[in-house]
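**Student:** Structure of the sequence below:
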Amino acid sequence: MIKSLQDSTILHNGVKMPWFGLGVWKVEEGHEVKEAVKAAIKAGYRSIDTAAGYGNEEGVGKAIKESGIPREELFITTKVKNGDQGYETTLEAFETSMKKLDLEYLDLYLVHWPVKGKYKETWKAIEKLYQDGRIRAIGVSNFQIHHLEDLMVDAEIKPMVNQVEYHPRLSQLELREFCRKNDIQLEAWSPLMQGELLQHPILEEIGNKYNKTTAQVILRWDLQNEVVTIPKSVKEHRIIENANIFDFELSQDDLEKIKSLNQDRRIGPDPDNFNF
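**Tutor:** Residues are numbered from 1 along each chain as shown. Model (predicted):
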């Protein structure tokens, strides 16, 4: 059982990655993102997930500096955006991200989306950065099984993480099993389905049983399925509440009830058909 906010999974290269973190997608650059990250770190979070495409790396970097927590205790993720994919452009994009974050090294760098005809070159650049010691772990985001298989045909290094849309309406069972068999850690973005599931009667019923919110039930479900999760919030009380999930465990019956909610339904773009 994952027992605390500081508990980590061990990636296939031996690096420890916290099971739980803060995502900052759509969090405004400047004061808003800085205060959200500082609130999370103060609450005990040690993992922060941003992306070049979010436009808020600078604020994340400032929050890290102002948090007072030693850099080596934090796990920072960012991603190369689609317009920067390709070999040389990825190397340049990485340097830009590092300047904005004001960091000496990165804990995890991800290919944000599987841009057709580009993601293999992007991966080669990321492998180089990893081999040069600039990044502690590397991975992908929004890759389906066929993207991973295609990438691994030529890759020198297998991805350590695959961050995907994952929630009770999109439980990605085949992808989760593929990643498990290949020792790729699955990570959930939009685990709360942007709030769409928070009034679901089955989740409310389970929450009442444990005196927990539906959000806490969903986030606990992620962890019990061995999926790293990074819920987003800008409100300090919600950041604290989201992390209050280490004092209960869902029963097998609860897990089955939540599993039954799957509809293979996305709220984000289809990784085989996206346009940005």
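**Student:** how near is the closest residue to residue 198 other than its chain neighbours to residue 167?
**Tutor:** For residue 198, ignoring the flanking residues on the chain, the nearest one in space by CB to CB, 6 or more residues apart in numbering is residue 214 at 4.9 Å. The C-beta positions use only the backbone N, C-alpha and C, and glycine is treated the same way. Relative to residue 167, residue 214 is positioned 12 Å away (criterion: CB to CB, to the nearest Å).
**Student:** so for stretch 149-166, what's the average pLDDT?
**Tutor:** The predicted model assigns stretch 149-166 a mean pLDDT of 98.
**Student:** How far does that stretch stretch from one end to the other?
**Tutor:** With CA to CA, to the nearest Å as the measure, stretch 149-166 spans 20 Å from end to end.
**Student:** Now do the buried residues in it.
**Tutor:** Residues of stretch 149-166 classed as buried: 151, 155, 157, 159-166 (neighbour count, 16 or more other CB atoms under 10 Å).
**Student:** Pipe those into CSV and attach distance to residue 204 and secondary structure per row.
**Tutor:** As requested, the buried residues of stretch 149-166 are arranged in CSV below (distance: CB to CB, whole Å; DSSP: H, G, I helix; E, B strand; the rest coil):
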residue, distance to residue 204, secondary structure
151, 40, helix
155, 44, coil
157, 44, coil
159, 36, coil
160, 36, coil
161, 32, strand
162, 31, strand
163, 28, strand
164, 26, strand
165, 23, strand
166, 21, coil
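**Student:** picking that back up, tally of neighbours for the residue nearest to residue 198?
**Tutor:** Taking other CB atoms under 10 Å as the neighbour definition, residue 214 ends up with a count of 22.
**Student:** for residue 14, same thing?
**Tutor:** Here the count is done by other CB under 10 Å, and residue 14 has 9 residues near it.
**Student:** Next: the one 10 residues further on.
**Tutor:** Neighbour count of residue 24, defined by other CB under 10 Å: 27.
**Student:** Got the phi and psi for it?
**Tutor:** Backbone torsions for residue 24, taken as degrees, to the nearest 10, come to phi -120, psi 30.
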